[in-house]
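Enquirer: Sequence and predicted structure are below.
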Amino acid sequence: MPENSFFRPPAPVPQAEPLRPLSFLRTLWNNPIEAWTSEHFERAIVTTRLPFGEIAVVHDPAAIRRVLSDNRNNYPKDAFQKRMLAVLSNGLLTAEDDQWRVQRRALTPVLALRSVRGFAPAMLRAAGHLVERWRSHDGEVIDVTDDVTELALAVLERTIFSDGIAGNGSELRAAMRIYFDSLGRIDPFDLLNLPDFVPRVGRLRTRAAVRLFHQGVDEMIAKRARSDIRAIDPQRDLLTLMLNARDPETGRPLSSAEIRANVITFMSAGHESTANAIAWTLFLLSQSAPWRERIAAEAARELDGPAETLPDRLVETRAVVEEALRLYPPLAAISRVAAGADELAGAPIRRGAMIVIAPYVLHRHRLWWKEPDLFDPARFLPPGRASIDRYIYMPFGAGPRGCIGSVFALQETMIVVAAVMREFELEVAPGHVVWPLHRITLRPRRGLPMIARRRS
Ligand code: HEM
């Protein structure tokens, strides 16, 4: 493996021509990022007619801005996506119109920079536990993806419920696992667009777990409402921040159902995506000796200073994390549906067309990036960082429906990466081939077995 600053991390070579229908379907099923063609990486818009409708793949910044921001009322989330996420019961990710607006207005301050900086100590503690665990496996193979997924869940658990999970924590965590596994699973009935009252057999099995998870969250909300609020620090507890949140326009608090939906939404939207951001960053650093040394030095300098300003001091770590999110954006594609006819990047859009914006393609697009396939975190160092267009680099989406958890996710990723790099040199386990696999998130195929060796 290369040991220099500029190397080409593993990624499929774009197809020269669109795949034939059968291999297209097979590739969509196995690993959709292998289906992209050179045309997608070179043109601002590519429109394809399929038997079930039109798909417009849009990678022009002005057109993306039109879809996600300026003309966004014409581009709601599509029914297929909502069905896959139906289990999130109208939290922020799936709600539309007024139901969404009220929640977004109330919850924006909850995950804004000021609140999130207060969670830095909890993130540092979680990173400390990971480091301790890996220390006891010095020189052995560890599964980085599994361990950082556990860590990301633990961080959410400790920041949402800072006084711990009520009742039987391990039973609840097991239910949570089954619940997350069921999320986003494509059911053949969804593909056939059968109405919602037709039960999805695949999801029947997870119903008990879902019920248990919902009950557990309800109990914790009720417990919090009963318990002495002074016993916890409201600035370091997401649930309290949610209970205290008000819609700034109407003064209305969120209902218990809305709080439950959003606790579950934050845990679902926040854990696997952040875990992948951490895993990909650690992998990329394992391939670049110069950046590995820079990040280890920055971590040694900064980690023991004040926790709440730490993310502002991890300048180089942030650049590496941003480069990892460019090359391997955990949400590799975003979709919408055109409610009415429109024009995007000079091409007509019919009513009903599916619009796909794929950060994975956009971030490697030949029109917008120099050497797009090379690992080069320097693109994200100041002052150059400020000139990167927000509709060309968008791992967290863009516009009013962009990620509400972006500050939280970036902060957690930087802190964990710094804590790990100060302590260890990581090496991919011999014989393991790292390859990006697009499921709900873009994750390393077959995990990321690595050897963690303590720095001398
Ligand atoms: C590296 C980690 C993360 C990535 C890459 C990511 C990415 C995204 C993207 C691309 C969207 C927009 C989807 C669309 O427009 O269709 C989004 C929305 C969202 N994300 Fe994240 N996310 C991450 C972490 C988090 C975390 C930690 C939380 C919560 C604590 C979170 C909560 C949400 C919510 C609630 C939405 C929906 C916002 C709305 O529609 O108003 N995400 N995320």
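Expert: Good, I have the coordinates. Numbers count the residues shown, from 1 in each chain.

Enquirer: Please identify the helix or strand for Val210.
Expert: For Val210, the enclosing helix or strand under DSSP states H and E is helix 207-226.

Enquirer: Buried ones in that helix, by neighbour count?
Expert: Ala209, Val210, Leu212, Phe213, His214, Gly216, Val217, Met220, Ile221, Arg224 (16 or more other CB atoms under 10 Å). C-beta coordinates here come from the backbone N, C-alpha and C atoms, glycine included.

Enquirer: Surely Ala79 is in contact with Ser335?
Expert: No - judged on CB atoms under 8 Å, Ala79 makes no contact with Ser335 at a distance of 10.7 Å.

Enquirer: With neighbour numbers in mind, choose between the two.
Expert: With neighbours defined as other CB atoms under 10 Å, Ala79 and Ser335 compare such that Ser335 has more, 16 against 12.

Enquirer: mind checking the SS state of the more buried one?
Expert: strand (DSSP: H, G, I helix; E, B strand; the rest coil).

Enquirer: residues contacting it?
Expert: Lys77, Asp78, Phe80, Gln81, Met354, Ile355, Val356, Ile357 (CB atoms under 8 Å, 6 or more residues apart in numbering).

Enquirer: Any of those buried? List them.
Expert: Members of the contacts of Ser335 classed as buried by 16+ other CB under 10 Å are Lys77, Asp78, Gln81, Met354, Ile355, Val356, Ile357.

Enquirer: Now do the longest helix seen in the chain against helix 207-226, angle only.
Expert: Identified as the longest helix of the chain according to DSSP state H is helix 256-286. Going by axes from the mean of the first three to the mean of the last three CA atoms, to 10 degrees, helix 256-286 is angled at 110 degrees with respect to helix 207-226.

Enquirer: From the buried ones among the contacts of Ser335, pick the one nearest Ala299.
Expert: Ile357 (34.3 Å; CB to CB).

Enquirer: Pull the number of nearby residues for the residue lying closest to Glu96 once chain neighbours are set aside.
Expert: Of all residues not flanking Glu96 in the chain, Pro76 sits nearest, at 6.0 Å (CB to CB, 6 or more residues apart in numbering). Pro76 has 16 neighbours, counted by other CB under 10 Å.

Enquirer: How about Ser69?
Expert: 16.

Enquirer: hmm, back to that, would you turn the buried ones among the contacts of Ser335 into a markdown table with distance to His363 and secondary structure?
Expert: Below are the buried ones among the contacts of Ser335 laid out as a markdown table (distance: CB to CB, whole Å; DSSP: H, G, I helix; E, B strand; the rest coil):
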| residue | distance to His363 | secondary structure |
| --- | --- | --- |
| Lys77 | 22 | coil |
| Asp78 | 22 | coil |
| Gln81 | 21 | helix |
| Met354 | 21 | strand |
| Ile355 | 18 | strand |
| Val356 | 14 | strand |
| Ile357 | 11 | strand |
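
Enquirer: and the helix or strand containing Ala106, what other elements does it pack with?
Expert: Using DSSP H and E, Ala106 sits in helix 97-107. Other elements packing on helix 97-107 under the criterion 3 or more CB pairs under 8 Å, 6 or more residues apart in numbering; DSSP states H and E are helix 256-286.

Enquirer: tell me which residues of the helix it packs on are tucked away?
Expert: For helix 256-286, by 16+ other CB under 10 Å, it's 258-286.

Enquirer: go on, stretch 323-330?
Expert: Those would be Glu323, Ala324, Leu325, Arg326, Leu327, Tyr328, Pro329, Pro330, for stretch 323-330 by 16+ other CB under 10 Å.

Enquirer: Kindly confirm my reading that the fourth one forms part of a strand.
Expert: No - secondary structure of Arg326, determined by three-state DSSP: helix, with no strand assignment.

Enquirer: Please identify the residues of the stretch 101-250 of the chain in proximity to the ligand?
Expert: Arg104 (CB under 6 Å from any ligand atom).

Enquirer: Could I get the full set of helices for the stretch 101-250 of the chain?
Expert: Using DSSP state H, counting those that start in this stretch, the helices found in the stretch 101-250 of the chain span residues 113-117, 120-135, 144-160, 169-182, 188-191, 201-204, 207-226, 238-244.

Enquirer: and the longest helix of the chain, what's its mean pLDDT?
Expert: What helix 256-286 shows for mean pLDDT is 93.

Enquirer: same thing with stretch 348-358?
Expert: Mean predicted lDDT for stretch 348-358 stands at 96.

Enquirer: which residues touch it?
Expert: 36, 40, 47, 53-59, 64, 67-68, 75, 78, 332-344, 394.

Enquirer: one step back: what angle do the helix holding Val210 and helix 169-182 make?
Expert: 130 degrees.

Enquirer: From the contact counts, what lies against helix 207-226?
Expert: Checking 3+ CB pairs under 8 Å, 6+ apart, helix 207-226 ends up next to helix 169-182, helix 238-244, helix 256-286.

Enquirer: Distance to Arg443 for those helices - can I get that in a markdown table?
Expert: Compiled in a markdown table, the helices and strands packed on helix 207-226 are given as follows (distance: least, CB to CB, whole Å):
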| stretch | distance to Arg443 |
| --- | --- |
| helix 169-182 | 13 |
| helix 238-244 | 25 |
| helix 256-286 | 5 |
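
Enquirer: if we can go back for a sec, can you tell me which two in the contacts of Ser335 are farthest apart?
Expert: Once CB to CB is applied, the contacts of Ser335 give Phe80 and Ile357 as the farthest pair, at 15.6 Å.

Enquirer: Based on its surroundings, how many neighbours for Ala16?
Expert: 8.

Enquirer: That should have said Ser38, apologies.
Expert: If we define neighbours as other CB under 10 Å, then Ser38 has 13 of them.

Enquirer: Can you tell me, leaving aside adjacent residues, what's nearest to it?
Expert: Here the residue nearest Ser38, using CB to CB, 6+ apart, is Pro14, at 4.5 Å.
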